[in-house]
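In: Build me a model:
(2 chains)
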Amino acid sequence: MSPDNRKNIDIKFNAIRKEAEKHRNEFRDAPVPKIHIGMATCGIASGALETQKAFKEALVENDIEARIHTVGCFGHCYAEPVVIIDHPDSGFPPIFYHEVTPGKAKMLVKLFLGGGDPRFEHVYGATEENDMIPSVTDFSRFNQEKRIVMEKCGRIDPEDIYDYIAADGYSTLVKALKLDPEEVIKEVTHSGLRGRGGAGFPTGRKWNLAKSVTDQEKIVICNADEGDPGAYMDRTILESNPHQVLEGIAICAYAVGAHKAMVYVRSEYPLAVKLVTDAIQQAEKLGLLGKGILDSTFDLKIDVFQGSGAFVCGEETALIRSIEGYRGMPQHRPPYPVQKGLWNKPTVINNVKTLASVPPILDHGATWYRSIGTQNSPGTAIFSIVGNVVHAGLVEIPMGVSLRTLIFDICGGIQNNKKFKAVQIGGPSGGCLNEDFLDTPIDFDSLTEAGAMMGSGGMVVMDEDTCMVEVARYFLDFTQKESCGKCTFCRIGTYHLLKILERLTKGEGLEGDLELLETLSQDIKAGSLCGLGKTAPNPVLTSLKYFRDEYEAHIKEKRCPALMCRPLTAFYFDLELCARGCDACATCCPVDAVFTTSNRKKGVDQELCVKCGECLVACPPEYDAVRKVSPPDLVPYIEKPPEKEKKDVK
Amino acid sequence: MMLKLRVDNQEIEAREGKTLLQACLDNQIYVPNLCYLEDMESPSASCRMCFVEIEGTPQPVPSCTVQVKNDMVVKTDTPAVRQLQRTALRLLLSVHDVDCKNCHANKKCELQNIAKFLKVGLKPKRLERYLKETLIDETHPFLIHYPNRCVLCGKCVHICRGKHGESVLTFARRGFDTIISTYSATDESSLTCGDCDTCVKACPVGALAVKESS
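Out: I've put the predicted structure just below:
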């Protein structure tokens, strides 16, 4: 850009920024309380819409004036619906409330907004340090996080571009436009940023490859086809702060010299699709995207493309095929998309988190970014942690933090005081690690070395009641169904793996099955065409390696040590403990498998029992008479009295 | 320009731009393959049969995806290569209705050739056999399709698209259930088939046949 051009950019942007600050100040300085409600998919699923409605109604009923501010996700999914109430007149700092039901909402309006009583029993913590109530930063879930990508998530309204701009948004795009594209790439290269989609390819190098092509039109694609079971990092970022992603895309496009970009987002994310589409429109309206961005000579058109639900379309060559209108089948690489991609044009494909990392990097500098994380994996990692963990949700931590810190400190450990058993990292392509790996630092290389992978950020924590054979079967069932069917190893090989695992969970395993699983897995890894097939056997290989005794118990003893595989377990009632005349289990059994013994205690008809476990839940804790065992032949014989002839009741 | 490379200790020449697989086949060095067609712009690389080892590359690679280079040193017969080829073949045979004497491709079938070459029996020992329910698909007005013979190499799809602009045949469904389908294109007048039987001729295993009545 010429000096004149650069000056124009500043003039234009400063005007926009002034407007944004005006909006912010008007909201901030309004002399009324503010209610911030987390309104991403996770919040809405937990009832945030009803909570919002309740707040509105209660404000009218109590004749109280307040501003409701809808924000994205704070990442604290275990606490949804999350509400922060900022009521300066009460003398209290802004307060974080968790699990705010409509009832709680009405009560808070009446008593806190109306009466100045923050209801301490419902307070989670204050959002800033103070002398009156404990601050949320006292909790490791808050203070051990390092928010770079998600810094603004849950603080700004994703539907209002001014909210983002007032929080310094789009200022790094301005900064980038005033640099030469080469300087932008140099900064990103120096930062050591690696692709957050899973493979960890150096982002700067990818951009450089695209930049080096000069005679062709280029395209930037933001990959938001997140499909790992239980993973929702990209969705949350798009729903909570779409503009940071758009800003990252714009900087990338400027750096590599592209004028066309796409956000490839799966159509199962309707809210993300809507928010990104709206965000693009808002940015275009203000001249931050589109033709002559901020009166400069740089044009960028961003389109949204909705994926149609195939997991494999997250693989970049399949993603490209699907945009071109073909069946989403991966192609052999090389050529890589950056050489020959969408419509045969050089295409940079980056994950949502990668692109959203770019604005903070340019803002604070590569050296700052390098100071976070580890030598070879700088920056932060975002995980969606689910499973048997106390504080499930989205966590952003510096790379290099150990699994133990993440699971036990930050996320509060295992639910119900159960024992930790395994953690599955990297989704269906990742591996299951046992407790020997809890001190493994979280970074690209350490996790790969352990047999798992960084992946895009899915993490499932499992307690002692989880059967690892069943877990492997679950993931293989997923990858087999999502295989595109193109190459022999993935299409047929994973099916054989699945069928063998199914056999094991039914107690029909054979001598030699484990060796077959191993050799077949190795061949599928070495022989498959794309990343899906190459990594699909990982859950099998790692669980076989770290939980082999469990597999052997399934084959040799027909026993499921975790008591999870239904065909290998059975229920019975301990007659010493079973209370005479109690009917709690019998009334809840859905298949009438519970019978009454001759001394008015209970027995289970093993032929009828479907092993749902309802009786275990129903049995009053003071008796605790239900026993679950594996293998099923451990069940003692309890005589079933002959059925009385039923009288016809008409 | 002609390039020189070494395959299995034999010096061969190949024109620049050729795939390694093509170079081997042109020089009478057989590398098993099912999905390869010389005129493809980018190789399908889906059958996972034509693995070779190239000096300097740690793992076996499908030779249809590699272009010949000067002084390339290639081995087509290493234990790692054979292991992958045999597993791929056994996987294909585990879903194949081995009924050779009733199949019109008997004795010209690529699966038979490859099995003989790799010394693999047609009945997979360790793997269960899983066949599809549909034995014969006769919904197409001119073609008969045998899903349990098909190896899903995609040659028919590619060749039909090349000849008629769009393909009558295409892949359908996902994962293990993937099949070649006509998407119920049963309207004779809209079909470009006519006397064309290119797809039938391209099929390496006898999964397609022309209906006798047509």
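
In: Which residue is the nearest non-sequential neighbour of residue 138?
Out: Picked chain A for this. Nearest residue to A:Asp138, sequence neighbours excluded (C-beta to C-beta, 6 or more residues apart in numbering or on different chains): A:Gly125, at 6.9 Å. C-beta coordinates here come from the backbone N, C-alpha and C atoms, glycine included.

In: To clarify, I was referring to chain B.
Out: Using C-beta to C-beta, 6+ apart, the nearest residue to B:Glu138 is B:Ile144, at 5.6 Å.

In: pLDDT on the helix or strand encompassing the one you found, on average?
Out: Using DSSP states H and E, B:Ile144 sits in strand B:143-145. The pLDDT scores in strand B:143-145 average 92.

In: Up against chain A, what does chain B have?
Out: Residues of chain B that fall close to chain A, judged by C-beta under 8 Å from any C-beta of the partner chain: B:42-49, B:51, B:59-60, B:62, B:65, B:80, B:83-84, B:87-88, B:91-92, B:94-95, B:126-128, B:130, B:151-152, B:154, B:170-171, B:173-178.

In: So which of those belong to strands?
Out: B:51, B:62, B:170-171 (DSSP state E).

In: Where neighbours are concerned, which of those has the most?
Out: B:Pro62 (28 neighbours; other C-beta atoms under 10 Å in any protein chain shown).

In: hmm, back to that, now tabulate the ones in strands among the residues of chain B next to chain A in CSV and tack on pLDDT.
Out: Listed next are those as CSV, based on pLDDT from 0 to 100:
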residue, pLDDT
B:Phe51, 98
B:Pro62, 97
B:Thr170, 90
B:Phe171, 93
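
In: From those residues, pick the one nearest chain A.
Out: Of all those, B:Phe171 has the smallest distance to chain A: 5.7 Å, by C-beta to the nearest C-beta.

In: residues touching that closest one, list them.
Out: A:327, A:329, A:485-486, B:152, B:154, B:157, B:178-181 (C-beta atoms under 8 Å, 6 or more residues apart in numbering or on different chains).

In: Among the residues you listed, which ones are in helices?
Out: Secondary structure from DSSP state H places B:Val157 of the contacts of B:Phe171 in helices.

In: how about the contacts of B:Phe171 in TSV, adding distance to A:Ser371?
Out: Output for the contacts of B:Phe171, formatted as TSV (distance: C-beta to C-beta, whole Å):
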residue	distance to A:Ser371
A:Arg327	45
A:Met329	42
A:Gly485	46
A:Lys486	44
B:Leu152	51
B:Gly154	50
B:Val157	53
B:Thr178	49
B:Ile179	54
B:Ile180	55
B:Ser181	56
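
In: top of the contacts of B:Phe171 by neighbour count?
Out: A:Lys486 (29 neighbours).

In: And the residue of the stretch 501-650 of chain A closest to chain B?
Out: Closest to chain B within the stretch 501-650 of chain A is A:Asp523: 4.2 Å, counting by C-beta to the nearest C-beta.

In: B:Val81 is in contact with that residue, correct?
Out: No - the criterion here is C-beta atoms under 8 Å, and A:Asp523 misses it with B:Val81 at 11.8 Å.

In: Please spell out the segments of chain B that come in under the pLDDT threshold.
Out: For chain B, the stretches with pLDDT under 70 are B:184-186, B:213-214.

In: Spatially central residue in it, please.
Out: Taking C-alpha atoms, centre = their mean as the criterion, B:Leu34 is the residue nearest the geometric centre of chain B, at 2.0 Å.

In: show me what contacts the closest residue to that one other than its chain neighbours?
Out: Excluding the flanking residues, the one nearest B:Leu34 by C-beta to C-beta, 6+ apart is B:Cys47, at 3.8 Å. Taking C-beta under 8 Å, 6+ apart, we find B:Cys47 in contact with A:487-488, B:33-36, B:88, B:92, B:151, B:153.

In: Which two of those residues have the greatest separation?
Out: The largest separation in the contacts of B:Cys47, counting by C-beta to C-beta, is between B:Tyr36 and B:Leu92 at 15.0 Å.

In: In space, what's closest to the residue in chain B that chain A sits nearest to - neighbours in sequence excluded?
Out: Per C-beta to the nearest C-beta, B:Thr178 is where chain B lies closest to chain A, at 2.6 Å. In space, and not counting its chain neighbours, B:Thr178 is closest to A:Gly485: 2.6 Å by C-beta to C-beta, 6+ apart.

In: now residue 98, nearest residue through space, not along the chain?
Out: As the question left the chain open, I've gone with chain A. That would be A:Ala79: by C-beta to C-beta, 6+ apart, it lies 3.5 Å from A:His98.

In: if you could check chain B rather than the one you did, that'd help
Out: With C-beta to C-beta, 6+ apart, the residue lying closest to B:Val98 is B:Leu122, at 4.9 Å.

In: what's the neighbour count on the one you found?
Out: 14.

In: what's the answer for B:Arg82, then?
Out: B:Arg82 - counted by other C-beta under 10 Å - has 17 other residues nearby.

In: List the contacts of it.
Out: Contacts of B:Arg82 (C-beta under 8 Å, 6+ apart): B:Leu118.

In: just the one 10 residues further on next, same as before
Out: For B:Leu92, the contacting residues are A:488, A:492, B:34, B:47, B:111, B:151, by C-beta under 8 Å, 6+ apart.

In: The same query, at a cut-off of 10 Å, please.
Out: By C-beta atoms under 10 Å, 6 or more residues apart in numbering or on different chains, the contact set of B:Leu92 is A:488, A:491-492, B:34, B:47-49, B:111, B:114-115, B:124, B:150-153, B:205.

In: With adjacent residues omitted, what lies nearest to residue 143?
Out: All of this is about chain A. Using C-beta to C-beta, 6+ apart, the nearest residue to A:Asn143 is A:Thr137, at 4.8 Å.

In: I was thinking of chain B, sorry if that wasn't clear
Out: B:Leu143 sits nearest to B:Leu208 (C-beta to C-beta, 6+ apart), 5.9 Å away.

In: That neighbour reaches B:Val151, doesn't it?
Out: No - applying C-beta atoms under 10 Å, one finds B:Leu208 not in contact with B:Val151, separated by 11.6 Å.

In: A:Lys22: neighbouring residues, count only.
Out: Neighbours around A:Lys22, by other C-beta under 10 Å: 12.

In: B:Lys107 too?
Out: Neighbours of B:Lys107 (other C-beta under 10 Å): 9.

In: Smallest distance to chain B belongs to which residue of the stretch 451-600 of chain A?
Out: For the stretch 451-600 of chain A, C-beta to the nearest C-beta, closest residue to chain B: A:Gly485, 2.6 Å.
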